[in-house]
Each structure stands twice: as structure tokens, then as C-alpha cells.
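> Coordinates for the following, if possible.
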Amino acid sequence: MKWLRYMMVFVPVAFLLEFIPALKNDTLLFAVCCLGLIPLAGYLGEATEELSVHTGPKIGGLLNATLGNAAELIITIVALQAGKFELVKASITGSILGNLLLILGASLLFGGLRHGIQRFDRQATGVSASMMTLAVIGLAIPTVFEVLRQISIGELNVFSTQANDQALNGLSLGVAAILMLLYVMSLVFSFQQPERGVGGPTGVDDHRESDAPHKAKWSVPMASGVLAASTLAIVFLSEFLVGAVEPTVEALGLSEFFVGIIIIPLVGNVAEHIVGVQMAFKNKMDLSLAISLGSSTQVALFVAPLLVFVSLLFGPEMTLFFSIMEVAALTLAVLIATIISVDGESNWLEGAQLLAVYGIVAMGFFYLSPVGG
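The predicted structure is shown next:
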């Protein structure tokens, strides 16, 4: 995946488009920022993995568990600060759907086409499926709660998740706290199951060519420097991207909702997703599933609740009130992913089925988004 590094050229181009008025073009800036964020996210993940080699398996596992979705977290925090709550919620939904349907589907498809029937650890997959089910329950309850409240007063708007409801705010904070506590408990459980690990590789390079332990190629100062530099660059490009979203969606006839569902999650996770597919292609299904399912769990149990608390710093509070369409899509995605993975083996047809579901869901959000946008 070294070709991703050539995409670093888009980072300085983004700065030129942002700060030179003669070159200003919001749609082009949005596209360039998306392309520039892909290698930056890869470097961020690679630096995290290099640090984890120096710190040992337990601290390294904690680093991967907390920084595995750092790029996407930075993008959503910037969007949250700009008051784009719909975009943030859509990116949460899109990230979970992308991991469970698109990436897992591609992994099963390409791995199955090369190796036929592939097998993996049923127990580890079962734990991940249970965690995702609990996470969806945590996201669904505030939604059902607020929908019922709005129906009772005759003010239901199925296309808006903005509500001035103190009860909903309190419920969201409580649910967010419980989800984060559950995530911490899952980390403790993972530390007690070292053979299953706490996370997979997240960088640009594949460090798992063999079963031998990966040896660090970067020193601690270098890894820390790359981590700091990539984080700072992601912050800047996220600011540029969020500022260009509104004029871009107007020019393309889309909506911020659709951009959040499809584009933002892919930008922040492309490098990690490609590694997941590569692992399946090499018949390392336990690692491949750990990447896709682990990333989904992290978004649902850590990133989403954390954003609820971070929003308290910026004024209006973000809640866990999602649209009915989002909750339905998440529920069905977890259901189909669980059904496919419960037997401990997979084939290429099951991968195609997951990709088909992702395509159906994406079309649904595409045609729904102009109404809600």
C-alpha cells in the first residue's frame, strides 16, 4: 500500500486552494481534502502501531483501541464545533455501516474467491456481534424515546434529529456514559484474551506478512513526531473540508446527510479498510474480522458517546437521537452481519450479500437525503 504515500501531494495542494484566493474552488477543495486525508489517516494509524510495538502488547492494544478511529474522530469534532450535527451523526452511522457491510463484505468476497470456504474464531466474532447489538440498542432507545415524545405532542418530524428536549439531553448523556463504560469493560476482557488481541493494524503498511512479531522500524521520537504531525495536518484539512461541505453539496445537488453517510467514513478509514481486505485475501480471517468488527464497535461504543460529551464544550448538545432510517439500517446491518458470521466460516457469496445490502442502503439514503437535506 505504499502507493497511498504518493497521495500526500494533495495535502499541500489543499493549503494552496484554501489560502490563495485566485485558486479558490470549494468543490475542488472538498475533493482534494478528501484525497489528502486518506494518507494522513494511514500515517496516523501506522505511527500508532509503531508506538504500540515499543510500549508492549497491553499498552499497544490500548493505543490501537483508543486511536484506531482518531482521524474520523478529529473530522467529526471539527464538524461538531461548526454546529453540523446532522453531518456528525450521519458519519457515525456511515462508519458503522461501512465497516459491517462494505469492508466486511469486500473481505469475505475477495478472500472467498481466492480460498473458498474460510474459517475464523466463532467466540471472538460472537463477542463482537453481541457488543454491536448492545451498541445499536444504546443508539435506538434515545431515538424511540424522542419519536414517542414528539408523537405525543403532535410535532413529529421524521427528517430532523434536532430537538430542544432536556429529557432527551439527559437520556443521551446517561446512555453515552453506559456505552463508554461497556467499551472499557470490553477492553479489559480483551486484555484477558491476549490471543485475540484488542485491535488490528491501522497503518499504510501491512506489518503482518508473516506470523512473526512485527519489529519496530521507527524510533519512539519518530513515531511520536509522525503522530503529532499527521494529527495537526488532519485538523487543518478537516477544517477546510467542513467549510467546503455546504457549497459542495449545493453544487452537486446532494445533501450533508448523504456526504456524512458515504464519503466522510470512507475518507477517515480507507487505509485501515484496505488492510482488512488484504488480510482476508491472505486467509487471515480472524485479523480481517477484528479490523472490521473492532472498528464498528469502537465507533458505536467510544466515538459516538465521546462526541456527546465533547459537544458540551461547544454550546448546543449533541444527542443520540438518530433518524428512523439510520436506526433501521444499523439494526439490519448488525443482524445480517451476525447471521453470516455466527457459524465461524464464510464464503464469497456471503461477501456479495453484504455488499448488496450496502448498495441498497446507500441508494435509500441517496434518494432520502434531498428530502431531509
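> What helix or strand is residue 174 located in?
Residue 174 belongs to helix 166-191 when assigned by DSSP states H and E.
> wait, isn't residue 54 in contact with residue 222?
No. Checked against CB atoms under 8 Å, the pair residue 54 and residue 222 is beyond contact range at 10.6 Å. For the C-beta atoms, the positions are set from N, CA and C on the backbone; glycine is no exception.
> tell me the contacts of the most centrally placed residue in the chain?
Nearest to the geometric centre of the chain sits residue 95, at 3.6 Å (CA atoms, centre = their mean). Residue 95 makes contacts with 69, 72, 264-265, 268-269, 295-296, 299, 303, as judged by CB atoms under 8 Å, 6 or more residues apart in numbering.
> One more pass at 7 Å, please.
72, 265, 269, 299 (CB atoms under 7 Å, 6 or more residues apart in numbering).
> Find the least confident helix or strand in the protein, judged by mean pLDDT.
The weakest-scoring helix or strand in the chain, judged by mean pLDDT, DSSP states H and E, is helix 57-67 (a mean of 66).
> Next SSE downstream of it?
Next helix or strand after helix 57-67 toward the C-terminus (DSSP H and E): helix 70-81.
> Quick one: mean pLDDT over that following helix.
Taken as a whole, helix 70-81 has a mean pLDDT of 88.
> For that helix, which outside residues touch it?
37, 40-41, 44, 87-88, 91, 95, 231, 234-235, 238-239, 242, 264-265, 268-269, 303, 307, 310-311, 314, 318.
> Quick check: next helix or strand after it?
Next along the chain from helix 70-81, counting by DSSP H and E, comes helix 85-97.
> so that next one versus helix 70-81, what angle?
Calculated by axes from the mean of the first three to the mean of the last three CA atoms, to 10 degrees, helix 85-97 forms an angle of 160 degrees with helix 70-81.
> for whichever helix or strand comes after helix 85-97, packing partners?
Following helix 85-97 in sequence order, the next helix or strand is helix 104-115 (DSSP H and E). Helices and strands touching helix 104-115, by 3 or more CB pairs under 7 Å, 6 or more residues apart in numbering; DSSP states H and E, are helix 264-281, helix 285-298, helix 348-372.
> Show me what the mean pLDDT comes to for the host helix or strand of residue 30.
If you go by DSSP H and E, residue 30 is part of helix 26-55. Average pLDDT, helix 26-55: 86.
> So which elements touch that helix?
Counting contacts by 3+ CB pairs under 7 Å, 6+ apart, helix 26-55 is packed against helix 10-19, helix 57-67, helix 70-81, helix 220-252, helix 264-281.
> With mean neighbour count as new columns, can the ones you listed be given to me in a markdown table?
Below are those laid out as a markdown table (neighbours: other CB atoms under 10 Å):
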| stretch | mean neighbour count |
| --- | --- |
| helix 10-19 | 17 |
| helix 57-67 | 18 |
| helix 70-81 | 24 |
| helix 220-252 | 18 |
| helix 264-281 | 24 |
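> Now the ones you listed in a markdown table, please, with extra columns for distance to residue 103.
As requested, the helices and strands packed on helix 26-55 are arranged in a markdown table below (distance: least, CB to CB, whole Å):
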| stretch | distance to residue 103 |
| --- | --- |
| helix 10-19 | 23 |
| helix 57-67 | 17 |
| helix 70-81 | 13 |
| helix 220-252 | 21 |
| helix 264-281 | 5 |
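> Any idea which of these has the lowest pLDDT on average?
Of all these, the minimum mean pLDDT falls on helix 57-67 (a mean of 66).
> what residues are up against residue 230?
The contact partners of residue 230, by CB under 7 Å, 6+ apart, come to 40, 43-44, 47.
> how far away is it from residue 114?
In this view, residue 230 and residue 114 are 32 Å apart by CB to CB, to the nearest Å.
> Likewise for residue 153?
As judged by CB to CB, residue 153 and residue 114 stand 56 Å apart.
> same thing with residue 47?
Applying CB to CB, one obtains 31 Å for the distance of residue 47 from residue 114.
> ok so, going back, quick one, which of the helices and strands packed on helix 26-55 is nearest to residue 329?
Counting by CB to CB, residue 329 lies closest to helix 264-281 out of the helices and strands packed on helix 26-55; the figure is 13.1 Å.
> same for that closest one, what does it pack against?
Helix 264-281 is packed against helix 26-55, helix 70-81, helix 85-97, helix 104-115, helix 285-298, with contacts defined by 3+ CB pairs under 7 Å, 6+ apart.
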